[in-house]
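A.B. asks: have a look at this prediction, sequence included:
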Amino acid sequence: MALFSERREGISHVPLHVVLVAFTLFTIYPILWVVSLAFSGKQSLAIATLPENPTFWDRLRAVTPWPEQFSVSNFASVMTDQPFAKWMLNSAIISIGTTVVGVFLACTAAYAFSRFKFPGQRTGMMAFLVSQMFPGTLMLIPLYIILVQWLGLGSSRLGLIIVYATTSIPFSVWMLKGYFDTIPRDLEEAALIEGASVGRIFWSVILPLAKPAVAVTALFSFMTAWNEFILAATFMDQETMYTAPVGLRFFVGGFSQQWGYFAAGSIIVSVPVVFLFLFLQKYLVSGLTAGGVKG
Amino acid sequence: MTNLRTLLAALCLCAVGLLPVPSFAATELVLWHAYRAEEKAALEKVVAEYNKANEAKGVKVTTLAVPYDAYADKISATVPRGKGPDLFIFAQDRLGGWIEAGNTVEPIDFFLDDATKKRFIPTTMDAMVYRGTTYGLPLNYKVITLIYNKKLVPTPPKTSGELVTMAKKLSDAKAGRFGLAYAYGDFYYHAAVMNGFGGGVFDAKTTPTMNSPANVKSVEQVLKWKKDGILPAEPSSALITSLFNEGKAAMVFSGPWFVGEVAKGVDYGFARLPTLDENKGTPMKPWMTVEGVYVAAPSKNKEAAYDFAKFLTDVGAGKTLALEGRQSPANNAVYADPKVTADPLLKAMKDQVDVAIPMPNVPEMSMVWTPATSAMNSVLKNTATPKAALDVAQKSVAKDVAGLRTKK
Amino acid sequence: MSQNAPQQSPSAAGTVRASPNHDATAPSDPGPSGRSGGGNWGRVLVGLALALGLSLLLAHGLLVRAQADRGAERAQRKSVVALLGLTDLVQRAGGTGDAVGAVVAGWPRPQGGAARVIAFSGIKLEASTFPEDTGDKAAPRRLSREEKPLYDRGQRLRAAVETNSEEGGARKSEVESETLPSGGRLLSAPVQVDGQVVGSVEWFTPVLTEADPISWGPALLAFLLPLAACAGAVFALSRQGARVAVAAVLFAAGLGGYTVYSLRTLDAELRETEEAVSAELRTRGETAQKLMAAHGLDAEPALKPGAWDADAMRRPLGQLTDAGVPDAGKLAERGARVRGDAGKALGALGVLGLAVLLFIGMGALHRTVATAVEFRQAYAYVAPAMVGMVLLVFFPFAYGITLSFTDANLYNSSQPLSELWIGLKNYTDILGDFSFAKTAADGSLVFNYLNFYYTLLFTILWTVTNVTIGVTVGLLLALALNVPNLRLRPIYRVLLILPWAMPNYITALIWKGMFHQQFGVVNHVIRMFGGEGLAWFDSPLTAFFTALATNGWLSFPFMMVVSLGALQSIPGELYEAARVDGANRWQQFTAITLPALKPALVPAIILSVVWTFNMFNIIFLVTGGDPGGSTEILVTQAYKFAFERYRHGYAAAYSTVIFGILLIYSMVQNRMSRATEAA
């Protein structure tokens, strides 16, 4: 805390602020651009039309992320021309389901890896890491066979939840195991002496302490499910069962591209995740780092 | 304990949404497509008409729109396993692949009578035939044609000689003006010239013929046009659009997708691609993509499905799809309607399609694009002669084809 | 990776020991006690019984299967002879007309069998002896709608014949056979007249049970005798090792005896098959001669019944001589092959059985069970996640690896993988192709973008640049944000984290839009300052840059957050102390900050390398590999091999290579970081 403490009240932070503001602008520029496309009421990629011989200022206008006129027509079309609200709801159900299932499975496994010593422990952890390395793009057909043909979970939300939860498990287990390792064992031992069962200790001692890591894994699981497109498009056989990313892809792809709709849809889809990020921010920093330390 | 409660609440919320949706058992036909906006609306209108007419028979067609990016994979994954639709609409380029993979597309020769066959533009019907068997009914087609700025070109050229003379007058490379602009580096566009010279990418036995003399000649021809200065140097589709919109390109070769990008106020017309003086006046023959309606092989109601496919490709449906969906139907009789021919785009498409040839529907076609594009690039950047570049492409395609056909 | 500090493990063990089952398992703790004579004769006997029982059961099963296969082969070959013989006659009759009907009627049929001929022209049933085709349904007539499959099958055969002749190979079956739901078998062959396929002949035979059932006697004998002998030996010997050795010998004897019996049975069966087919061939040949004479059929070219004994491609099998008698040499050859296969299978069984025997006899099973019971709580906790992973990750993964040893592609996707086995060929093709680049005529280097090593190099370049950018930018921002008393810090942090929160497919498409040649913002800015807009996706370098910009933008927030967390965990006193010691800021950074960052950054870097290496979305959506596949990374290339070139086996091998590379990378990285930790 004492570093650079001779500088009080931020006056000498001005150069730093300049750099940070510049970089932040660069960072959020694409997002602002999407916002202005979304509110432009048009489908073109261009924010402003250029005259015959554009001057510097015309061009500056064309790159300024501010629509020529404001209109919410893109949002209205996105929400009304197709059952976008229903798709958002599907996405929400599937993502929350994935989060619950994924985090639960990851927590129990990570706890065992962290607290028990058992044969196969190292192999197990390695297996989780290794699974991240096989390219997933060729998995579509095998997954389809297992889930739809064997388990009969085609066109159901449960099927997608199971797939997404399993894909999110490896990262979550590593994350959580690292974090659990940093929690001192004295607490558990005390509880043990009082006669609490292992399950109870896990539930009421460890989990509350591991909140940051649980929050991070929950966020990751949620995002896995929230953003996935190809499996959702393949497994779902009814328009009412599509998820939001599937709906979004209608606007781009094939011969015609409706950038305005896509931008509006993107914003609608991104807002929940952004809020989740903001909400979980305080956990994010401590959860990720501490988890990593012991990884 | 609050997080426990939240967890439980979340669990319950999920459980509500988890129950699989029951499926209907009646003679319901499911049709998959990848249309959007007005195309989708027109299709749905036709489907509604059919459902109304066939209510008594208990046949009901429902549609499912699939995002284009996931469409092909979805069909490959679901249809052979009996979980797909009864019918689906797709361009012919994937047809061969699905037939070879098996249990995806139902042959329909058995149902197909001569009267039905005759109602289509013959070449569009050809696109539906794979190894002598018909697999679908053609719904619509897309083809490139000559689009010109009426202000700059009062009468469109009929031959390549006329085209070059006219274009030379309109070109001024320094001012960034060009008589002609098209994505000649893109093999799909180049195919019009290539086919015009009698070339092609496969022979009748699907052996690659990338470096056939006709193909070499066609690439040399494009090089010559480029040297004449009538073509812009790096013809990306965006550049062509902007040149045309700014009145700096008098003529372009492009398809119906281009029309949507033309700026308001540009007065443009359509004409058939010119004939090639360099090859005894044969016409340029662009590739066309034909979207067909296919009956899925595992469908339980193949006859009903075929019946619907027939309805969808009939004149009445064709008119709706043309006038409201802005498609070019493959059904010949649609063009007898003055309302359809009054639309310059539809008329131009019909005019051009007579000399167009269907893009090959063999699975080997997908192996052509990358090598062909590389060949065009190296020729246009002068790193290889047309012959040498096409030799390389030939080798690469032949290798891929051989890789697919390895025998034990 | 390092386990928790040793001083903590007693308490960890304590958690486990607290489970009640531990005391129960402790006394029977295996290991030394198993070998110390006395009590464990039971294990040897149980082991032998299980091993022998299991392998004999399997061996018996295999024999029954082989016997049934032989029976099926006999039936199939006899049917094919009948089918192709009939087809031959139908072809001589011109494929259509009264003669066809007469030939079909006159061709001898087994009890309940039937034949029919379909002509494509007019979609006709030309002739039929099927019981349902009588009365008003009698041939010739047009096929009814329900009979579409017959017509389609004929067309399929036509397409197969044409494909095979076009490609000059034998890729598609020219004789189709299927088992009908009713149980009979239906075979069909194309009718070729003047080189054109004009129809098809179908031949139906009801189920034939030609295989003699195999008795259980020999198997039972091979089981009981060794067991009895072993029981005696076990009591005579006292050392466990000796007991197990005796059991192993007895096991080998039992299984060996049964093997000899099996091979002899198979051999006899084989000879019988050839004789049966040969008999069929001769009778059919004679009948054919008679029918040809009776109906005045074209006698040219001469009838060659030997050719009727053919495979699915209508190629003669050559097992019989032209005269239709079994070829002794061929028979011996085939017998040797069959014996070899059977021997291999039984050998594998022997190894398996021995393993079981040793596993049980030496007490390993006991130990395994004991371990599972002892640590059951831990396993119970891990199991749910593991089950999911095994089912949905490792199973497809294993399938992918299996696929990589085959030549599976679009054309043969219906065949079983065992028939497509090509061993390591895919791997040698991928790794053995060094045509990485060549010099063009003008001396410039032309890369072969489809070459594996080019793509690998590009992927490494892609990964290294991305991770470097991500770490550098992330770390710098974290350092900046960690400055004490910085105002607006929360706002910066929120805004800078946004790229991470946006779904990456959206980001990818947005950036692609920003690099649009005409409307893209990037080109506008360039033009603002008088430059020319670039066609970003037309040259490998600029296309690479677009993907890099996109992914860099996407990935720095993660690194920033990780670094920020690590920075915040450094106690301020450390800096204070360092300053007291006179360290300057750079020294503080290298001595305190970097070491403190390392434990958090290293795992994050490993993860991000793995992620970036396989970052499909960005490359696929932003550049799509353009131009000409030059910006393809390994995963997108694998995707193209599978879905553009339809070579599933090759693509699977590609994926496995990617996996191997990452695995080696993570192992090396792991070792390195451990080594530095130790240093």
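C.D. replies: That came in fine, so what should we check first? Just so we're clear, the structure is a prediction, and the values are computed from it rather than from any experiment.
A.B. asks: next structured bit after whichever helix or strand residue C:80 is part of?
C.D. replies: In this structure, residue C:80 sits in helix C:41-92 according to DSSP states H and E. Elements were assigned by DSSP H and E; along the chain past helix C:41-92, the next helix or strand is helix C:98-106.
A.B. asks: gap between that following helix and the chain center?
C.D. replies: Chain-centre distance of helix C:98-106: 48 Å, with CA atoms, centre = their mean, to the nearest Å.
A.B. asks: what angle do it and helix C:41-92 make?
C.D. replies: 150 degrees (axes from the mean of the first three to the mean of the last three CA atoms, to 10 degrees).
A.B. asks: convert helix C:98-106 to CSV, retaining C-alpha atoms only.
C.D. replies: C-alpha atoms of helix C:98-106 as CSV (Å, rounded to 0.1, in the frame of the first residue of the first chain):
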residue,chain,number,x,y,z
ASP,C,98,-41.5,-63.5,-72.1
ALA,C,99,-38.3,-65.4,-72.1
VAL,C,100,-37.4,-63.7,-68.8
GLY,C,101,-40.6,-64.9,-67.2
ALA,C,102,-39.9,-68.4,-68.4
VAL,C,103,-36.4,-68.4,-67.1
VAL,C,104,-37.4,-67.1,-63.7
ALA,C,105,-40.2,-69.7,-63.5
GLY,C,106,-37.9,-72.5,-64.5
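A.B. asks: got a list of contacts for stretch B:234-250?
C.D. replies: A:52, B:147-149, B:151-153, B:166-167, B:170, B:175-186, B:232, B:252, B:254, B:258, B:261-263, B:266, B:268, C:516-519, C:535, C:537-538 (CB atoms under 8 Å, 6 or more residues apart in numbering or on different chains). Glycine gets a C-beta too; all of them are placed from N, C-alpha and C.
A.B. asks: tell me the buried residues in it?
C.D. replies: Within stretch B:234-250, the residues that count as buried by 16 or more other CB atoms under 10 Å in any protein chain shown are B:235-245, B:248-250.
A.B. asks: and that stretch, what's its mean pLDDT?
C.D. replies: The average pLDDT for stretch B:234-250 rounds to 81.
A.B. asks: same deal with stretch A:175-193?
C.D. replies: On average, stretch A:175-193 scores 84.
A.B. asks: is that stretch in proximity to chain B?
C.D. replies: No: shown here: stretch A:175-193 not in contact with chain B (CB under 8 Å from any CB of the partner chain), separated by at least 15.0 Å.
A.B. asks: quick one: distance of that stretch to the chain centre.
C.D. replies: With CA atoms, centre = their mean, you get 28 Å for stretch A:175-193.
A.B. asks: with stretch C:331-346 instead?
C.D. replies: Offset of stretch C:331-346 from its chain centre (CA atoms, centre = their mean): 27 Å.
A.B. asks: neighbouring contacts of it?
C.D. replies: With CB under 8 Å, 6+ apart as the test, stretch C:331-346 has contacts from C:59, C:62, C:66, C:255, C:258-259, C:262-263, C:266-267, C:270-271, C:274, C:319.
A.B. asks: now swap in stretch C:580-596 and tell me
C.D. replies: Here stretch C:580-596 has contacts from A:3, C:479, C:566, C:567, C:569, C:570, C:574, C:575, C:578, C:579, using CB under 8 Å, 6+ apart.
A.B. asks: for those residues, pick the one with the most neighbours.
C.D. replies: Using other CB atoms under 10 Å in any protein chain shown as the neighbour criterion, residue C:566 leads those with 26 neighbours.
A.B. asks: for it, which non-adjacent residue is closest in space?
C.D. replies: Closest residue to residue C:566 apart from its sequence neighbours, by CB to CB, 6 or more residues apart in numbering or on different chains: residue C:600 at 3.8 Å.
A.B. asks: name the helix or strand for the closest residue to residue A:72 other than its chain neighbours, please.
C.D. replies: Using CB to CB, 6+ apart and skipping residues adjacent in sequence, the residue nearest residue A:72 is residue A:39, 6.9 Å away. Using DSSP H and E, residue A:39 maps to helix A:14-40.
A.B. asks: returning to that earlier point: which among the buried residues of stretch B:234-250 gets closest to residue C:117?
C.D. replies: Among the buried residues of stretch B:234-250, residue B:237 lies closest to residue C:117 (CB to CB), at 55.6 Å.
A.B. asks: export the contacts of stretch C:331-346 as a markdown table, with columns for neighbour count and distance to chain A.
C.D. replies: Listed next are the contacts of stretch C:331-346 as a markdown table, based on neighbours: other CB atoms under 10 Å in any protein chain shown; distance: CB to the nearest CB, whole Å:
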| residue | neighbour count | distance to chain A |
| --- | --- | --- |
| C:59 | 23 | 31 |
| C:62 | 15 | 27 |
| C:66 | 21 | 30 |
| C:255 | 23 | 32 |
| C:258 | 23 | 36 |
| C:259 | 21 | 37 |
| C:262 | 24 | 35 |
| C:263 | 17 | 38 |
| C:266 | 19 | 35 |
| C:267 | 17 | 40 |
| C:270 | 23 | 37 |
| C:271 | 14 | 42 |
| C:274 | 22 | 40 |
| C:319 | 19 | 38 |
